[in-house]
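Asker: make a model of this:
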Amino acid sequence: AFAVAEDSSGKTYLAGTTTSTDFPTTPTALQQSAPAAIAQGTVFVSSLDTTVAGTGSLLYSSYLGGEAADFGDAVAIGPSNTVYLTGSTSSLNFPTTSGAFQTTGNSASIAFVTLIDTALTGNASLKYSTFLGGSQTNTAVGIAADSSGNAYVVGTSQGADFPVTSTAFQNTLAPGSPGAGFVTKLNPRGEGASDLIYSTYLGGGGANGVSDEVNGVALNSTNYAYVTGDTVSATGFPVTPNPGAFQTSLNGPSDAFVAALTFQPVLAVTPSSLTFGNQAIGTASAAQTVTLTNNAFAPIGFSAAITGGTPAAVNSDFSSSTTCNGSIAVNSSCTLSVLFKPSVASAETANLVITDTAGTQTVGLSGTGVDRKFTLTASPATVTVSQGETVAFKVTVTPSGGFNAAVALACSGAPSMSTCTISPSSVTPSDSV
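Answerer: Model prediction:
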(Lines give C-alpha, C1' and ligand atoms only; values in the text may rest on other atoms or scores of the structure.)
Protein backbone atom coordinates (compact mmCIF):
# COMPACT_ATOMS: atom_id res chain seq x y z
CA ALA A 1 0.00 0.00 0.00
CA PHE A 2 1.17 3.50 -0.82
CA ALA A 3 -1.53 5.62 0.80
CA VAL A 4 -3.86 5.65 3.80
CA ALA A 5 -6.70 7.92 4.95
CA GLU A 6 -9.31 7.95 7.69
CA ASP A 7 -12.91 9.18 7.49
CA SER A 8 -14.96 11.09 10.04
CA SER A 9 -16.25 7.87 11.60
CA GLY A 10 -12.80 6.37 12.09
CA LYS A 11 -12.83 3.93 9.19
CA THR A 12 -9.50 3.39 7.45
CA TYR A 13 -8.91 3.40 3.71
CA LEU A 14 -5.88 1.95 1.92
CA ALA A 15 -4.74 2.29 -1.68
CA GLY A 16 -1.82 0.76 -3.51
CA THR A 17 -0.76 -1.78 -6.09
CA THR A 18 -0.88 -5.57 -5.98
CA THR A 19 0.28 -8.41 -8.21
CA SER A 20 -1.63 -10.99 -6.18
CA THR A 21 -4.44 -12.98 -7.79
CA ASP A 22 -5.76 -13.82 -4.33
CA PHE A 23 -5.82 -10.30 -2.91
CA PRO A 24 -8.81 -10.15 -0.51
CA THR A 25 -11.90 -8.56 -2.09
CA THR A 26 -15.46 -8.22 -0.85
CA PRO A 27 -18.73 -9.29 -2.56
CA THR A 28 -19.54 -5.57 -2.89
CA ALA A 29 -16.36 -4.84 -4.86
CA LEU A 30 -16.29 -3.01 -8.17
CA GLN A 31 -13.84 -5.66 -9.45
CA GLN A 32 -13.86 -8.83 -7.39
CA SER A 33 -11.49 -10.77 -9.64
CA ALA A 34 -7.94 -9.92 -10.67
CA PRO A 35 -7.65 -8.48 -14.18
CA ALA A 36 -5.61 -10.30 -16.82
CA ALA A 37 -2.61 -7.98 -16.34
CA ILE A 38 -2.36 -8.60 -12.59
CA ALA A 39 1.27 -9.69 -12.93
CA GLN A 40 2.15 -6.15 -14.10
CA GLY A 41 0.39 -4.60 -11.11
CA THR A 42 -3.18 -3.54 -10.43
CA VAL A 43 -4.62 -0.85 -8.17
CA PHE A 44 -6.46 -1.90 -5.04
CA VAL A 45 -8.64 0.07 -2.64
CA SER A 46 -9.78 -1.26 0.71
CA SER A 47 -11.88 0.03 3.60
CA LEU A 48 -11.47 -1.35 7.11
CA ASP A 49 -13.06 -0.92 10.50
CA THR A 50 -10.13 -1.33 12.86
CA THR A 51 -12.43 -1.63 15.87
CA VAL A 52 -13.67 -5.01 14.56
CA ALA A 53 -11.60 -8.18 14.84
CA GLY A 54 -10.80 -10.65 12.07
CA THR A 55 -12.29 -10.80 8.61
CA GLY A 56 -15.26 -8.72 9.71
CA SER A 57 -13.02 -5.65 9.75
CA LEU A 58 -12.78 -5.68 5.92
CA LEU A 59 -15.74 -3.52 4.82
CA TYR A 60 -14.91 -3.05 1.15
CA SER A 61 -12.03 -4.19 -1.02
CA SER A 62 -11.65 -4.15 -4.78
CA TYR A 63 -9.22 -4.35 -7.64
CA LEU A 64 -9.19 -1.38 -9.98
CA GLY A 65 -7.46 -1.85 -13.31
CA GLY A 66 -7.41 -2.86 -16.93
CA GLU A 67 -5.32 -4.78 -19.45
CA ALA A 68 -1.93 -3.27 -18.52
CA ALA A 69 -0.02 -1.97 -15.51
CA ASP A 70 -1.94 0.22 -13.06
CA PHE A 71 -0.57 1.94 -9.95
CA GLY A 72 -2.52 3.41 -7.03
CA ASP A 73 -0.46 6.12 -5.35
CA ALA A 74 -2.71 8.38 -3.25
CA VAL A 75 -6.06 8.40 -1.48
CA ALA A 76 -8.23 11.08 0.14
CA ILE A 77 -11.71 11.16 1.64
CA GLY A 78 -14.33 13.52 0.24
CA PRO A 79 -17.93 14.39 1.11
CA SER A 80 -20.12 11.50 2.30
CA ASN A 81 -16.90 9.52 2.90
CA THR A 82 -16.40 9.00 -0.81
CA VAL A 83 -12.93 7.64 -1.59
CA TYR A 84 -10.80 9.76 -3.98
CA LEU A 85 -8.02 7.77 -5.67
CA THR A 86 -5.26 8.77 -8.03
CA GLY A 87 -2.27 7.14 -9.64
CA SER A 88 -1.21 6.15 -13.13
CA THR A 89 -2.34 3.55 -15.63
CA SER A 90 -1.20 2.16 -18.96
CA SER A 91 -4.52 0.38 -19.44
CA LEU A 92 -6.60 1.75 -22.28
CA ASN A 93 -9.68 0.05 -20.79
CA PHE A 94 -9.14 1.36 -17.26
CA PRO A 95 -12.65 1.97 -15.83
CA THR A 96 -14.03 5.43 -16.72
CA THR A 97 -17.52 6.82 -16.25
CA SER A 98 -19.95 8.50 -18.61
CA GLY A 99 -19.34 12.22 -18.90
CA ALA A 100 -15.84 12.00 -17.42
CA PHE A 101 -13.37 14.74 -18.26
CA GLN A 102 -11.14 12.43 -20.34
CA THR A 103 -12.20 8.96 -21.46
CA THR A 104 -9.27 8.12 -23.77
CA GLY A 105 -6.20 6.59 -22.19
CA ASN A 106 -2.52 6.46 -23.07
CA SER A 107 -0.51 3.23 -23.04
CA ALA A 108 2.65 5.19 -22.22
CA SER A 109 1.09 5.98 -18.79
CA ILE A 110 -1.58 8.47 -17.88
CA ALA A 111 -2.89 9.73 -14.56
CA PHE A 112 -6.36 8.75 -13.35
CA VAL A 113 -8.81 10.22 -10.83
CA THR A 114 -11.41 7.80 -9.46
CA LEU A 115 -14.18 8.21 -6.88
CA ILE A 116 -15.58 5.15 -5.11
CA ASP A 117 -18.47 4.99 -2.65
CA THR A 118 -17.62 1.97 -0.53
CA ALA A 119 -21.15 1.92 0.90
CA LEU A 120 -22.47 0.82 -2.50
CA THR A 121 -22.08 -2.42 -4.41
CA GLY A 122 -20.44 -3.35 -7.71
CA ASN A 123 -20.66 -0.88 -10.58
CA ALA A 124 -22.80 1.44 -8.43
CA SER A 125 -19.78 2.04 -6.20
CA LEU A 126 -17.89 3.70 -9.07
CA LYS A 127 -19.09 7.30 -8.81
CA TYR A 128 -16.63 8.92 -11.20
CA SER A 129 -13.46 7.97 -13.03
CA THR A 130 -11.38 9.81 -15.60
CA PHE A 131 -8.00 9.79 -17.26
CA LEU A 132 -5.89 12.93 -16.83
CA GLY A 133 -2.90 13.66 -19.02
CA GLY A 134 -1.27 14.26 -22.38
CA SER A 135 0.21 12.01 -25.04
CA GLN A 136 3.47 11.25 -23.23
CA THR A 137 4.15 9.91 -19.72
CA ASN A 138 1.92 11.26 -16.95
CA THR A 139 1.90 10.23 -13.29
CA ALA A 140 -0.22 11.45 -10.37
CA VAL A 141 1.04 10.89 -6.82
CA GLY A 142 -1.05 13.18 -4.61
CA ILE A 143 -4.74 14.00 -4.13
CA ALA A 144 -6.94 16.04 -1.79
CA ALA A 145 -10.68 16.76 -1.72
CA ASP A 146 -12.59 19.79 -0.45
CA SER A 147 -16.01 19.97 1.19
CA SER A 148 -17.66 20.70 -2.19
CA GLY A 149 -16.29 17.49 -3.67
CA ASN A 150 -13.61 19.04 -5.87
CA ALA A 151 -10.48 16.92 -6.36
CA TYR A 152 -6.99 18.45 -6.24
CA VAL A 153 -4.43 16.28 -8.03
CA VAL A 154 -0.66 16.67 -8.36
CA GLY A 155 2.00 14.81 -10.26
CA THR A 156 4.37 15.05 -13.22
CA SER A 157 3.78 15.18 -16.95
CA GLN A 158 6.19 14.81 -19.84
CA GLY A 159 5.33 16.71 -23.01
CA ALA A 160 3.64 19.95 -23.94
CA ASP A 161 0.02 18.76 -24.23
CA PHE A 162 -1.01 18.17 -20.62
CA PRO A 163 -4.49 19.74 -20.22
CA VAL A 164 -4.18 23.22 -18.69
CA THR A 165 -6.77 25.96 -18.29
CA SER A 166 -6.69 29.49 -19.66
CA THR A 167 -6.30 30.85 -16.13
CA ALA A 168 -3.28 28.64 -15.38
CA PHE A 169 -0.35 30.07 -13.48
CA GLN A 170 1.95 28.37 -16.02
CA ASN A 171 0.29 27.24 -19.23
CA THR A 172 3.42 26.04 -21.06
CA LEU A 173 6.60 24.16 -20.23
CA ALA A 174 9.62 26.26 -19.33
CA PRO A 175 12.12 26.54 -22.22
CA GLY A 176 14.35 23.48 -22.46
CA SER A 177 12.35 21.28 -20.12
CA PRO A 178 10.90 17.94 -21.29
CA GLY A 179 8.15 18.13 -18.68
CA ALA A 180 7.02 19.62 -15.40
CA GLY A 181 4.95 19.04 -12.34
CA PHE A 182 1.23 19.72 -12.56
CA VAL A 183 -1.51 20.86 -10.20
CA THR A 184 -5.12 20.23 -11.24
CA LYS A 185 -8.49 21.07 -9.69
CA LEU A 186 -11.28 18.85 -10.99
CA ASN A 187 -15.02 18.88 -10.30
CA PRO A 188 -16.23 15.26 -10.73
CA ARG A 189 -19.73 16.21 -11.91
CA GLY A 190 -19.57 14.22 -15.16
CA GLU A 191 -19.92 17.13 -17.58
CA GLY A 192 -16.92 16.45 -19.77
CA ALA A 193 -14.47 19.25 -20.48
CA SER A 194 -16.14 21.61 -18.00
CA ASP A 195 -15.12 19.29 -15.14
CA LEU A 196 -11.63 20.80 -15.40
CA ILE A 197 -11.79 23.88 -13.18
CA TYR A 198 -8.09 24.73 -13.03
CA SER A 199 -4.93 23.06 -14.25
CA THR A 200 -1.37 24.30 -14.51
CA TYR A 201 2.18 23.20 -15.08
CA LEU A 202 4.58 23.97 -12.25
CA GLY A 203 8.25 23.76 -13.08
CA GLY A 204 11.38 25.30 -14.50
CA GLY A 205 13.89 24.46 -17.20
CA GLY A 206 14.92 21.11 -15.74
CA ALA A 207 18.44 19.65 -16.02
CA ASN A 208 19.97 16.92 -18.19
CA GLY A 209 16.59 15.79 -19.48
CA VAL A 210 15.10 15.61 -15.97
CA SER A 211 12.04 17.70 -15.12
CA ASP A 212 10.60 19.01 -11.87
CA GLU A 213 8.02 17.00 -9.92
CA VAL A 214 5.05 17.82 -7.68
CA ASN A 215 4.58 15.05 -5.11
CA GLY A 216 2.14 16.20 -2.44
CA VAL A 217 -0.83 18.48 -1.85
CA ALA A 218 -2.79 19.78 1.14
CA LEU A 219 -5.61 22.33 1.44
CA ASN A 220 -6.16 25.15 3.89
CA SER A 221 -9.51 26.42 5.16
CA THR A 222 -10.05 28.57 2.03
CA ASN A 223 -9.11 25.69 -0.30
CA TYR A 224 -5.80 27.17 -1.33
CA ALA A 225 -3.47 24.33 -2.24
CA TYR A 226 -0.07 23.90 -0.66
CA VAL A 227 2.07 21.67 -2.86
CA THR A 228 5.53 20.24 -2.49
CA GLY A 229 7.98 18.31 -4.59
CA ASP A 230 11.50 18.56 -5.94
CA THR A 231 13.15 20.72 -8.58
CA VAL A 232 16.37 20.37 -10.55
CA SER A 233 15.86 23.72 -12.27
CA ALA A 234 18.57 26.34 -11.88
CA THR A 235 16.49 28.62 -14.12
CA GLY A 236 12.82 29.08 -14.80
CA PHE A 237 11.35 27.66 -11.62
CA PRO A 238 8.79 30.18 -10.28
CA VAL A 239 9.97 31.72 -7.02
CA THR A 240 7.80 34.39 -5.42
CA PRO A 241 8.22 36.84 -3.90
CA ASN A 242 11.72 37.31 -5.22
CA PRO A 243 13.41 38.72 -3.26
CA GLY A 244 11.57 37.69 -0.14
CA ALA A 245 11.12 33.92 -0.44
CA PHE A 246 13.03 31.75 2.05
CA GLN A 247 15.32 30.41 -0.69
CA THR A 248 15.38 32.01 -4.13
CA SER A 249 17.94 29.84 -5.96
CA LEU A 250 18.85 26.18 -6.41
CA ASN A 251 21.49 25.13 -3.87
CA GLY A 252 22.17 21.54 -4.93
CA PRO A 253 21.57 19.17 -7.85
CA SER A 254 17.95 19.10 -6.69
CA ASP A 255 16.05 20.91 -3.96
CA ALA A 256 12.67 20.54 -2.34
CA PHE A 257 10.12 23.28 -2.85
CA VAL A 258 6.81 24.39 -1.36
CA ALA A 259 4.28 26.55 -3.18
CA ALA A 260 0.81 27.92 -2.47
CA LEU A 261 -1.78 28.21 -5.25
CA THR A 262 -5.08 30.08 -5.01
CA PHE A 263 -6.62 28.47 -8.14
CA GLN A 264 -7.61 31.95 -9.25
CA PRO A 265 -6.21 33.90 -12.20
CA VAL A 266 -2.99 35.65 -11.26
CA LEU A 267 -4.74 38.83 -12.33
CA ALA A 268 -8.52 38.53 -11.95
CA VAL A 269 -10.57 40.83 -14.20
CA THR A 270 -14.26 41.53 -13.59
CA PRO A 271 -16.69 41.94 -15.22
CA SER A 272 -15.98 40.28 -18.57
CA SER A 273 -18.06 42.81 -20.53
CA LEU A 274 -19.51 46.33 -20.32
CA THR A 275 -22.69 47.47 -22.08
CA PHE A 276 -23.34 51.21 -22.47
CA GLY A 277 -26.68 51.08 -24.29
CA ASN A 278 -27.84 54.11 -26.32
CA GLN A 279 -25.68 57.21 -26.11
CA ALA A 280 -26.01 60.53 -27.94
CA ILE A 281 -23.40 61.18 -30.60
CA GLY A 282 -20.65 63.42 -29.27
CA THR A 283 -21.74 63.05 -25.64
CA ALA A 284 -19.68 61.00 -23.17
CA SER A 285 -21.46 58.36 -21.11
CA ALA A 286 -21.20 57.89 -17.38
CA ALA A 287 -18.09 55.91 -16.51
CA GLN A 288 -18.27 52.16 -15.98
CA THR A 289 -15.53 50.29 -14.14
CA VAL A 290 -13.47 47.13 -14.53
CA THR A 291 -11.84 45.75 -11.37
CA LEU A 292 -8.38 44.16 -11.47
CA THR A 293 -7.36 41.98 -8.50
CA ASN A 294 -3.84 40.71 -7.85
CA ASN A 295 -4.03 37.11 -6.57
CA ALA A 296 -0.28 36.53 -6.89
CA PHE A 297 2.41 36.82 -4.25
CA ALA A 298 4.20 39.74 -5.88
CA PRO A 299 3.14 43.03 -7.50
CA ILE A 300 1.77 42.72 -11.04
CA GLY A 301 2.43 45.17 -13.83
CA PHE A 302 -0.16 45.51 -16.57
CA SER A 303 -1.20 47.57 -19.56
CA ALA A 304 -4.58 48.22 -21.14
CA ALA A 305 -5.55 49.05 -24.72
CA ILE A 306 -8.79 49.28 -26.69
CA THR A 307 -8.67 47.37 -29.96
CA GLY A 308 -10.81 45.40 -32.38
CA GLY A 309 -13.41 48.12 -32.86
CA THR A 310 -16.34 47.55 -35.21
CA PRO A 311 -16.34 49.69 -37.25
CA ALA A 312 -12.57 50.15 -36.78
CA ALA A 313 -12.86 53.92 -36.37
CA VAL A 314 -14.78 53.51 -33.12
CA ASN A 315 -11.72 52.32 -31.16
CA SER A 316 -11.36 55.96 -30.12
CA ASP A 317 -15.05 56.18 -29.13
CA PHE A 318 -14.28 54.00 -26.11
CA SER A 319 -11.63 55.28 -23.72
CA SER A 320 -10.14 54.00 -20.47
CA SER A 321 -8.24 55.53 -17.60
CA THR A 322 -6.86 54.33 -14.28
CA THR A 323 -5.03 55.52 -11.19
CA CYS A 324 -3.22 52.17 -10.79
CA ASN A 325 0.00 53.53 -12.31
CA GLY A 326 0.53 50.31 -14.20
CA SER A 327 1.06 48.08 -11.16
CA ILE A 328 -1.10 46.37 -8.52
CA ALA A 329 0.23 45.45 -5.09
CA VAL A 330 -0.12 41.95 -3.59
CA ASN A 331 -3.69 41.13 -2.48
CA SER A 332 -4.89 44.48 -3.80
CA SER A 333 -7.34 45.71 -6.42
CA CYS A 334 -7.69 48.74 -8.62
CA THR A 335 -10.14 49.88 -11.26
CA LEU A 336 -10.15 50.95 -14.88
CA SER A 337 -12.78 53.56 -15.82
CA VAL A 338 -14.27 53.22 -19.28
CA LEU A 339 -16.23 55.92 -21.16
CA PHE A 340 -18.25 55.72 -24.38
CA LYS A 341 -18.51 58.80 -26.61
CA PRO A 342 -19.95 57.67 -29.95
CA SER A 343 -19.05 59.39 -33.17
CA VAL A 344 -21.48 57.53 -35.44
CA ALA A 345 -25.16 56.60 -35.28
CA SER A 346 -24.78 52.82 -35.14
CA ALA A 347 -24.04 49.88 -32.87
CA GLU A 348 -20.39 49.85 -31.80
CA THR A 349 -18.21 47.14 -30.25
CA ALA A 350 -14.57 46.98 -29.17
CA ASN A 351 -12.33 45.09 -26.75
CA LEU A 352 -10.51 46.33 -23.68
CA VAL A 353 -7.39 44.14 -23.73
CA ILE A 354 -5.51 43.86 -20.42
CA THR A 355 -2.00 42.42 -20.63
CA ASP A 356 0.16 41.22 -17.75
CA THR A 357 3.08 38.83 -17.40
CA ALA A 358 0.76 35.79 -17.51
CA GLY A 359 -0.97 36.77 -20.76
CA THR A 360 -3.97 38.79 -21.87
CA GLN A 361 -7.59 39.05 -20.80
CA THR A 362 -10.37 40.74 -22.76
CA VAL A 363 -13.37 42.76 -21.63
CA GLY A 364 -16.02 43.18 -24.34
CA LEU A 365 -17.35 46.71 -24.87
CA SER A 366 -20.59 47.60 -26.64
CA GLY A 367 -22.83 50.61 -27.10
CA THR A 368 -25.00 52.33 -29.69
CA GLY A 369 -24.54 55.84 -30.95
CA VAL A 370 -27.82 57.68 -31.56
CA ASP A 371 -28.46 60.99 -33.31
CA ARG A 372 -30.72 62.69 -30.82
CA LYS A 373 -32.81 65.45 -32.39
CA PHE A 374 -36.35 66.79 -32.75
CA THR A 375 -38.63 68.27 -35.41
CA LEU A 376 -41.30 71.01 -35.20
CA THR A 377 -44.59 70.94 -37.06
CA ALA A 378 -47.42 73.48 -36.99
CA SER A 379 -51.09 72.79 -37.55
CA PRO A 380 -52.44 74.39 -39.59
CA ALA A 381 -49.35 75.04 -41.66
CA THR A 382 -50.73 78.39 -43.00
CA VAL A 383 -53.65 80.65 -42.06
CA THR A 384 -55.14 83.99 -43.03
CA VAL A 385 -55.82 86.36 -40.09
CA SER A 386 -58.30 89.23 -40.43
CA GLN A 387 -57.94 92.52 -38.55
CA GLY A 388 -58.90 92.08 -34.91
CA GLU A 389 -59.01 88.28 -35.22
CA THR A 390 -57.06 85.83 -33.05
CA VAL A 391 -55.92 82.50 -34.44
CA ALA A 392 -54.38 79.60 -32.48
CA PHE A 393 -51.69 77.32 -33.91
CA LYS A 394 -50.73 73.93 -32.50
CA VAL A 395 -46.97 73.39 -32.51
CA THR A 396 -45.81 69.76 -32.07
CA VAL A 397 -42.29 68.83 -30.94
CA THR A 398 -41.39 65.30 -32.12
CA PRO A 399 -38.23 63.77 -30.61
CA SER A 400 -36.12 61.01 -32.20
CA GLY A 401 -32.99 59.07 -31.33
CA GLY A 402 -33.76 59.21 -27.63
CA PHE A 403 -33.96 63.00 -27.45
CA ASN A 404 -35.42 64.09 -24.10
CA ALA A 405 -34.06 67.58 -23.39
CA ALA A 406 -36.05 70.79 -22.86
CA VAL A 407 -36.92 72.71 -26.04
CA ALA A 408 -37.38 76.50 -25.72
CA LEU A 409 -40.04 77.92 -28.09
CA ALA A 410 -40.21 81.48 -29.40
CA CYS A 411 -42.13 83.30 -32.14
CA SER A 412 -40.56 85.67 -34.70
CA GLY A 413 -41.38 87.11 -38.12
CA ALA A 414 -44.97 88.08 -37.34
CA PRO A 415 -46.56 90.68 -39.74
CA SER A 416 -46.50 94.38 -38.87
CA MET A 417 -49.12 95.49 -36.36
CA SER A 418 -49.55 91.91 -35.05
CA THR A 419 -48.31 89.98 -32.06
CA CYS A 420 -47.38 86.34 -31.50
CA THR A 421 -47.11 84.47 -28.22
CA ILE A 422 -46.36 80.81 -27.42
CA SER A 423 -47.60 78.96 -24.38
CA PRO A 424 -45.91 77.16 -22.80
CA SER A 425 -42.58 78.68 -23.78
CA SER A 426 -40.71 75.39 -23.15
CA VAL A 427 -41.56 71.69 -23.51
CA THR A 428 -39.61 68.53 -22.68
CA PRO A 429 -40.42 65.68 -25.05
CA SER A 430 -39.47 62.09 -24.30
CA ASP A 431 -38.34 59.45 -26.76
CA SER A 432 -37.76 55.89 -25.56
CA VAL A 433 -35.36 54.90 -28.34
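
Asker: alpha carbons only for contacts and neighbour counts from here, please
Answerer: OK.

Asker: could I get the full set of strands for the stretch 1-150 of the chain?
Answerer: Remark: strands assigned in the stretch 1-150 of the chain by DSSP state E, counting those that start in this stretch are 3-6, 12-18, 42-48, 58-64, 70-77, 83-89, 110-116, 126-132, 138-145.

Asker: just so I know, which of the ones you listed lies nearest Phe263?
Answerer: strand 138-145 (14.0 Å; C-alpha to C-alpha).

Asker: just checking: what are the partner strands of the closest one?
Answerer: For strand 138-145, the pairing partners within the sheet under DSSP bridges are strand 151-158 (antiparallel).

Asker: quick one: contacts of the helix or strand that the partner strand is followed by?
Answerer: For strand 151-158, the succeeding helix or strand toward the C-terminus, using DSSP states H and E, is strand 179-186. Residues external to strand 179-186 that are found in contact with it (C-alpha atoms under 8 Å, 6 or more residues apart in numbering): 150-160, 173, 195-204, 206, 210-214, 263.

Asker: just checking, Ala284 touches Lys341?
Answerer: Yes. With the criterion set as C-alpha atoms under 8 Å, Ala284 and Lys341 qualify as a contacting pair; they are 4.2 Å apart.

Asker: between the two, who's got more neighbours?
Answerer: For Ala284 against Lys341, the residue with the higher neighbour count under other C-alpha atoms under 10 Å is Lys341, and the figures read 22 against 15.

Asker: can you pull the contacts of that one?
Answerer: Lys341 makes contact with 279-285, 317-318, 369, according to C-alpha under 8 Å, 6+ apart.

Asker: list only buried entries from those.
Answerer: For the contacts of Lys341, a neighbour count by 16 or more other C-alpha atoms under 10 Å gives the buried set as 279-281, 285, 317-318, 369.

Asker: and which of these is nearest Phe131?
Answerer: Minimum distance to Phe131 across the buried ones among the contacts of Lys341 is 45.5 Å, recorded for Phe318 (C-alpha to C-alpha).

Asker: quickly list what the closest one is bridged to.
Answerer: Phe340.

Asker: ok so, going back, please work out which of the strands of the stretch 1-150 of the chain is packed deepest.
Answerer: strand 83-89 (a mean of 30; mean count of other C-alpha atoms under 10 Å).

Asker: can you name every helix or strand that it contacts?
Answerer: With contacts taken as 3 or more C-alpha pairs under 8 Å, 6 or more residues apart in numbering; DSSP states H and E, strand 83-89 sits against strand 70-77, strand 110-116, strand 138-145.

Asker: just checking: what are the partner strands of the second one?
Answerer: Within its sheet, strand 110-116 is paired with strand 83-89 (antiparallel), strand 126-132 (antiparallel), according to DSSP bridges.

Asker: and stretch 317-332, end to end?
Answerer: Between the opening and closing residues of stretch 317-332 lies a distance of 30 Å (C-alpha to C-alpha, to the nearest Å).

Asker: report pLDDT for Phe297.
Answerer: Reported pLDDT at Phe297 in the predicted model: 62.

Asker: tell me where the stretch 251-400 of the chain has strands.
Answerer: Taking DSSP E, counting those that start in this stretch, the strands of the stretch 251-400 of the chain run over residues 255-261, 267-270, 273-280, 288-294, 300-310, 318-322, 327-328, 333-340, 347-356, 359-370, 373-379, 394-400.

Asker: turn the ones you listed into TSV, columns for distance to Leu14 and mean pLDDT.
Answerer: Converted to TSV, these look like this (distance: least, C-alpha to C-alpha, whole Å; pLDDT from 0 to 100):
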stretch	distance to Leu14	mean pLDDT
strand 255-261	26	95
strand 267-270	39	89
strand 273-280	48	93
strand 288-294	40	93
strand 300-310	43	89
strand 318-322	55	93
strand 327-328	46	88
strand 333-340	45	95
strand 347-356	44	92
strand 359-370	42	90
strand 373-379	77	82
strand 394-400	75	83
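
Asker: between those strands, which gets nearest to Phe112?
Answerer: With C-alpha to C-alpha as the measure, strand 255-261 is the member of the strands of the stretch 251-400 of the chain nearest Phe112 (21.6 Å).

Asker: which one of the contacts of Lys341 is nearest to Thr114?
Answerer: Taking C-alpha to C-alpha as the measure, Thr114 lies nearest Phe318 of these, at 49.2 Å.

Asker: wait, the closest one touches Glu348, no?
Answerer: No. Under the contact definition of C-alpha under 8 Å, Phe318 does not touch Glu348, with a separation of 9.3 Å.

Asker: tell me how far Thr425 lies from Ala406.
Answerer: Quick fix: residue 425 reads Ser, not Thr. Applying C-alpha to C-alpha, one obtains 10 Å for the distance of Ser425 from Ala406.

Asker: OK, contacts around the closest residue to Leu219 other than its chain neighbours?
Answerer: Sequence neighbours aside, Ala225 is the residue nearest to Leu219 in space, at 4.7 Å (criterion: C-alpha to C-alpha, 6 or more residues apart in numbering). By C-alpha under 8 Å, 6+ apart, Ala225 lies in contact with 152, 217-219, 260-263.

Asker: okay, buried residues for stretch 315-322 please.
Answerer: Neighbour counts using 16+ other C-alpha under 10 Å place 315-320 of stretch 315-322 among the buried residues.

Asker: using the centroid of the chain, identify the residue furthest from it.
Answerer: Distance from the C-alpha centroid of the chain, by C-alpha atoms, centre = their mean, peaks at Gln387 (81.4 Å).

Asker: distance of that one from Met417?
Answerer: For Gln387, the distance to Met417 (C-alpha to C-alpha) stands at 10 Å.

Asker: got the phi and psi for Ala168?
Answerer: Taking degrees, to the nearest 10, you get phi -60, psi 150 for the backbone angles of Ala168.

Asker: who's in contact with Ala100?
Answerer: Contacts here follow C-alpha under 8 Å, 6+ apart; on that basis Ala100 touches 128-130, 188-193, 195.

Asker: swap that for Ala410, please
Answerer: Residues touching Ala410, when contacts are defined by C-alpha under 8 Å, 6+ apart, comprise 421-422, 425.

Asker: out of those, flag the one nearest to Pro311.
Answerer: Nearest to Pro311 among these is Ser425, at 41.4 Å by C-alpha to C-alpha.
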